[in-house]
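[1] Can you look at this prediction? I've put the sequence above it.
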Amino acid sequence: MNQKTKESDWKVFCEIKNIAEERFCEQSISDYRESIEDESRSCVERDMYIQRLSKNRNEHFNTIFGERHARSQMILRLFAIRMNNLADQELLSELSKDLLERTDPERIK
C-alpha cells in the first residue's frame, strides 16, 4: 500500500474524483427532487425524509471522498468511487494496470 504513486495516475485520479463528486451530487439532487415531488406524502413527511436523506448522503459523501485530497488516500478513495459506480470508465482506462487491479471492487467479492 505504500508504493509510490505515479504522477500520471495521480492526475487521472484527480479528474476521476472531480467527475465522481459531480455524479454523486447529481444523484443526491435527483433523490431530493423525487422526494419533493412525491405528493403521496404530506409536506411534513417529505421534509422529514429529505432531512434524513441529506444526513445519510452527507455521511456517504464523506465516506467516499473524505475530507482530505491527498495522494496517501488515493487508493482508498478510488476503490470507494469504483465501488459506488461513480468512476468515468474512459478515464479509468488511462490508469496504470497496477492501480486498476489494486482498486478493483470485484477482487473482494
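    Okay, I see it.
[2] can you pull out the strands in the chain?
    Listed in chain order, the strands of the chain (DSSP state E) amount to none at all.
[3] in it, which spans are helices?
    7-36, 43-65, 74-83, 89-92, 97-102 (DSSP state H).
[4] Buried deepest among these, which one?
    Mean neighbour count, computed with mean count of other CB atoms under 10 Å, is highest for helix 74-83 among these, reaching a mean of 19. C-betas here are computed from N, CA, C, even on glycine.
[5] quick one: contacts of that helix?
    Where contact means CB atoms under 8 Å, 6 or more residues apart in numbering, the residues beyond helix 74-83 that reach it are 1, 5, 9-10, 13, 16-17, 20, 63-66, 87, 92, 99, 102-105.
[6] Need the CA coordinates for it. CSV is fine.
    Extracted in CSV, the C-alpha atoms of helix 74-83 (Å, rounded to 0.1, in the frame of the first residue of the first chain):
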residue,chain,number,x,y,z
MET,A,74,-5.9,7.8,-3.4
ILE,A,75,-6.2,4.0,-3.4
LEU,A,76,-8.9,4.1,-0.7
ARG,A,77,-10.8,6.9,-2.4
LEU,A,78,-10.5,5.3,-5.9
PHE,A,79,-11.7,2.0,-4.5
ALA,A,80,-14.8,3.7,-2.9
ILE,A,81,-15.5,5.6,-6.1
ARG,A,82,-15.4,2.4,-8.2
MET,A,83,-17.4,0.5,-5.6
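[7] Having no further points to raise, I will conclude here.
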